[in-house]
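Student: Could you look at this predicted model? Sequence included:
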Amino acid sequence: MQTGDQSSSHAAIFTRVMDSLGPVYLRIAQDLINEIEAGRLKPGDAVPSERVLCERYGVSRMTARHAVQTLVADRLLYQVKGVGTFVAHPSMQKMLTRLNSFSEDLTQRGYRASARVLVREVVPADERTSQKLQLQPGDPVFHLKRLRLADDEPLSIEDVHLPIRLVAALVDEDFERESLYRLLTTRCNIQLVRTEEEIRALPAAGDHAALLNMPAGSPLLATERLSFAAPDTAVEFGYCVYRADKYSFYIERYRE
């Protein structure tokens, strides 16, 4: 069942299609929207190929492509090169102006956050990790890698390292249920105050595609994150990859 906001969004898409593309495009695009709203096309389902749409509606390939691309631009559909076009999942948006944990972000949006621990170990820091965390190469760090889920659906993979001298109390915690950031505060008396984060796009491959239950080549958003406690103590260094069909980042900027 669609919410009022979703129905309004689809109505707005209908209007834009009608205004910009004309009745031939409109019929194809609106029929696809109707299939999604009726539940006959569900998130992750493949939509008919351009060839099938051409045969079904008696239109040119360019006409079918323009209708599909309109819905891709409106993020109702997403494409995987060489694979096909799929129905997008409702997107969850992370505001980069706020330092929230994954669990906090999802809970605020009404989702149930959980995790599956993939790696939990104490290891020597490699050169890059030691440089980022203000350590000496070989100093022990706590390595935690988790598959993050929203309502039991895989959303991201988080792979982080933390200095063991700061987080020794966390090594045996239940990270399938607990928030790392909450435990840093409650068990280690560490309050994160800022992060440095770099974002890039990459295609899903290998373990990422398998763990996130998506076709190889699907779009991912990848972040490298370095988090600090006051006064300027590096606490967490790691990488996260997110399903780009389910997750987006929001940045608000002001001109001085």
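Tutor: All right, it came through fine.
Student: For Ala73, see how far away Val24 is.
Tutor: According to C-beta to C-beta, to the nearest Å, Val24 stands 18 Å off from Ala73. Quick note: C-beta positions are derived from backbone N, CA and C, even for glycine.
Student: mind listing the helices for the stretch 1-150 of the chain?
Tutor: 4-21, 23-37, 50-57, 61-73, 102-108, 127-132 (DSSP state H, counting those that start in this stretch).
Student: Among those, show the one with the smallest mean pLDDT.
Tutor: For these, mean pLDDT drops lowest on helix 4-21, to a mean of 51.
Student: In the protein, where is pLDDT below threshold?
Tutor: In the predicted model of the chain, residues 1-23, 89-101, 105-106, 108-110, 250-254, 256 satisfy pLDDT under 70.
Student: tell me the residue furthest from the middle of it?
Tutor: Distance from the C-alpha centroid of the chain, by C-alpha atoms, centre = their mean, peaks at Gly58 (37.2 Å).
Student: Distance check, that residue against Arg27.
Tutor: Gly58 sits 11 Å away from Arg27, taking C-beta to C-beta as the criterion.
Student: Ok, Lys42 next?
Tutor: Lys42 sits 22 Å away from Arg27, going by C-beta to C-beta.
Student: Compare neighbour counts for these two and give me the winner.
Tutor: Shown here are Lys42 and Arg27; by other C-beta atoms under 10 Å, Arg27 has more neighbours (15 against 10).
Student: shouldn't Arg243 be in contact with Ile157?
Tutor: No. Arg243 lies out of contact with Ile157 (C-beta atoms under 8 Å); the separation is 9.7 Å.
Student: list residues touching both of these two?
Tutor: Leu212 (C-beta atoms under 8 Å, 6 or more residues apart in numbering).
Student: more neighbours, these two?
Tutor: More crowded of Arg243 and Ile157, by other C-beta under 10 Å: Arg243, with 26 against 22.
Student: show me the contacts for the more buried one.
Tutor: If you count contacts by C-beta under 8 Å, 6+ apart, then Arg243 has His89, Pro154, Leu155, Ser156, Leu212, Met214, Ser218, Leu220 around it.
Student: For the stretch 151-256 of the chain, just list every one of the strands.
Tutor: 153-163, 192-203, 219-229, 233-243, 247-250 (DSSP state E, counting those that start in this stretch).
Student: Check which helices and strands the last one sits against.
Tutor: So the one you mean is strand 247-250. Using 3 or more C-beta pairs under 8 Å, 6 or more residues apart in numbering; DSSP states H and E, the elements in contact with strand 247-250 are strand 92-95, strand 219-229.
Student: and Arg65, which of these is closest to it?
Tutor: Nearest of the helices and strands packed on strand 247-250 to Arg65, taken as C-beta to C-beta: strand 219-229 at 18.8 Å.
Student: and the closest one, which residues are buried?
Tutor: Going by neighbour count (16 or more other C-beta atoms under 10 Å), the buried part of strand 219-229 is Pro219, Leu220, Leu221, Ala222, Thr223, Arg225, Leu226, Ser227, Phe228, Ala229.
Student: ok, now stretch 169-176?
Tutor: Using 16+ other C-beta under 10 Å as the test for burial, stretch 169-176 gives Leu170, Phe175.
Student: Tell me the span between the first and last residue of that stretch.
Tutor: 16 Å (C-alpha to C-alpha, to the nearest Å).
Student: likewise stretch 123-140?
Tutor: Distance across stretch 123-140, first residue to last, is 5 Å (C-alpha to C-alpha).
Student: Just confirm Leu32 contacts Leu71, I think it does.
Tutor: Yes. Using C-beta under 8 Å, Leu32 is in contact with Leu71, at 6.1 Å.
Student: what residues are shared contacts of those two?
Tutor: Joint contacts of Leu32 and Leu71 (C-beta under 8 Å, 6+ apart) are Leu77.
Student: Tell me which of Val24 and Ala73 has more neighbours.
Tutor: Per other C-beta under 10 Å, whichever of Val24 and Ala73 has more neighbours is Val24, with 16 against 11.
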